[in-house]
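# sequence unavailable; structure follows:
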């Protein structure tokens, strides 16, 4: 109980208006808040040290993802790094992957072939891309391994994997962690942001960051009609954005399309991107949008980003990003990050450690809102005729374009 209260307090200490956080710089909490956090940690004993599995062997973690996607690969990368940092993985070799461009499935396969120490292991047999592999076969395989007692925890990376495991398969026998899900509450994966309401389920939640995000975009680049294209309302945080639109007073021109994950051939992939390009043009020509939000997981091939966004820049329309800083590096105008793979990892691994040490996932606090940071593509700003204010330049973590195409603080 004490641990849950502490985590809740610490999460609250990190919740500040995004406008303040962005203009103050990344992770710049007030000194007094940091002091409070340190005092709480000093007073409360940490009981999540690595522990051997009862009965022998190692805890086996199953991994369920959608498909290769840089943002989810980065999330997994830093989770593994945190497992190493906390001693749950004992492997001195650095991960041979680039955190900004990691194929999660390949990372799990790599880990499954290594001795990670005496506590946990990953299995390539329990390594699923449900939009690449046959979904029904993924479910059959996972069910079989759960039935045979081979799985101790399921890590779902994203909303769709969580929906498959929790709502379709109705898994209750083993703990399930849902990570990198935009809005698990509206997706029906958890009853509330704080606790899941299910004994075996834990979901990371931070949906309010999307309301803060779009408020920041509107304040710094006012628009009246923003376009959004999505395949899943929860993944796109549409309920949050609609509420913000009503409160602030702007319109959202929406288009729901089929996901690229339904494509099974290169011909279908090309058809998807052709259709997406047509939808973008329709929003510009028919809906007369004056801003566009690039929602999560819409463009999976980063080589296509610049070309697909060209229709907006030709019409001086800013392109904001919901998730994925790599989109800004490839041509999108601006992102206020709603998630931070590195900053969130300790929170998620603390929950994982609690579960492996016998805690019920449903009793573990879920809400953690990371300090967001700002990245801007200056070439995109120039194309739309946007004069970037000095305070934004100073507060941005990364500036892309020309001589600014680097991490300012690196």
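Arrived safely. No experiment lies behind these values; they were computed from the predicted model shown. Residues are numbered from 1 along each chain as shown.

# element containing residue 156?
strand 153-157 (DSSP states H and E).

# pretty sure residue 151 contacts residue 128?
No: using Cβ atoms under 8 Å, residue 151 is not in contact with residue 128; the gap is 11.7 Å. C-beta here means a position set from N, CA and C on the backbone, and glycine is covered the same way.

# so for the two, which residue has more residues nearby?
Using other Cβ atoms under 10 Å, the more surrounded residue of residue 151 and residue 128 is residue 128, with 27 against 23.

# SS state for that one?
The three-state label given to residue 128 by DSSP: H, G, I helix; E, B strand; the rest coil is strand.

# where does the closest residue to it other than its chain neighbours land in three-state SS?
Using Cβ to Cβ, 6 or more residues apart in numbering and skipping the chain neighbours, the partner closest in space to residue 128 is residue 138 (4.4 Å). Counting by three-state DSSP, the backbone at residue 138 sits in helix.

# how about the strands of this structure, start to end?
Using DSSP state E, the strands of the chain run over 59-65, 120-129, 153-157, 176-179, 201-203, 225-230, 251-256, 291-294, 319-321, 334-336, 374-377, 398-400, 406-407.

# could you check the angle the strand holding residue 156 makes with strand 120-129?
40 degrees (axes from the mean of the first three to the mean of the last three Cα atoms, to 10 degrees).

# what's strand 153-157 packed up against?
strand 59-65, helix 70-85, strand 176-179, helix 341-356 (3 or more Cβ pairs under 8 Å, 6 or more residues apart in numbering; DSSP states H and E).

# for residue 312, see how far away residue 284 is.
7 Å (Cβ to Cβ, to the nearest Å).

# of the two, who's got more company?
Neighbours were tallied for residue 284 and for residue 312 using other Cβ under 10 Å; the higher tally belongs to residue 312 (26 against 19).

# tell me the confidence at the more buried one?
As predicted, residue 312 sits at a pLDDT of 98.

# confidence score at residue 131?
So residue 131 comes in at 87 (pLDDT).

# any idea how far the lengthiest helix in the chain is from the middle of the chain?
What stands out as the longest helix in the chain, according to DSSP state H, is helix 266-285. Helix 266-285 sits 25 Å away from the centroid of its parent chain (Cα atoms, centre = their mean, to the nearest Å).

# buried residues, that helix. List them.
272, 273, 276, 277, 279, 280, 282, 283, 284 (16 or more other Cβ atoms under 10 Å).

# please name the nearest non-neighbouring residue to residue 291.
Here the residue nearest residue 291, using Cβ to Cβ, 6+ apart, is residue 223, at 3.6 Å.

# do you know how far that neighbour is from residue 324?
21 Å.

# same deal with residue 254?
For residue 254 relative to residue 324 (Cβ to Cβ), the value is 20 Å.

# between these two, tell me which one has more neighbours.
residue 324 (27 against 18).

# pLDDT score for the residue nearest the centre of the chain?
Central residue of the chain (Cα atoms, centre = their mean): residue 180, 3.6 Å from the mean position. Per-residue pLDDT puts residue 180 at 90.
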